[in-house]
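Trainee: Here is my input; please provide its structure:
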Amino acid sequence: MNLDELLLRYFHDTELSSVRPDMLTSGIERCQVDLALEQDRGKRFALWTLLHMFGAAPEIDVVFKDAGDRDAGRNLMDPLTANEVDAATE
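Mentor: Predicted coordinates:
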């Protein structure tokens, strides 16, 4: 799964600035459903990451039963969260 494929699948466009708000909401909801149904660890991580970028990801401890997967998710979140804090203080 690559980012362009995910964006096309859920939002029908790779340019998010072109996506209407209703399509964005619908795509996020479909992604959340697919995350709940997906069994493949790598695909689940990709879907969770996409949802995290939109602020719509479920809690990491709920999604990932494996400690290594949770650690990988936290490792992804830490720099992103740091960037948000830095931007807020500027």
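
Trainee: Okay, buried residues for stretch 41-61 please.
Mentor: 44-52, 54, 56-57, 60 (16 or more other C-beta atoms under 10 Å). Any C-beta I mention is one placed from the backbone N, CA and C, and that applies to glycine too.

Trainee: Please compute how far it lies from its chain's middle.
Mentor: Its chain's C-alpha centre and that of stretch 41-61 lie 4 Å apart, by C-alpha atoms, centre = their mean, to the nearest Å.

Trainee: rewinding a little: what about the buried residues of stretch 41-61, which are in strands?
Mentor: Within these, no residue falls in strands by DSSP state E.

Trainee: correct me, but T14 touches E5?
Mentor: No. With contact defined as C-beta atoms under 8 Å, T14 does not reach E5; the gap is 9.1 Å.

Trainee: what ranges of the chain fall below the confidence cut-off?
Mentor: 79-90 (pLDDT under 70).

Trainee: Please, where are all the helices along it?
Mentor: 3-11, 21-37, 41-53, 60-63, 67-89 (DSSP state H).

Trainee: Packed most tightly, which of those helices would that be?
Mentor: Highest mean neighbour count among the helices of the chain (mean count of other C-beta atoms under 10 Å): helix 41-53, with a mean of 18.

Trainee: What lies in contact with that helix?
Mentor: 1, 3, 6, 10, 28, 31-32, 34-35, 38, 57-58, 60, 63-64, 66, 69, 72-73, 76-77, 80 (C-beta atoms under 8 Å, 6 or more residues apart in numbering).
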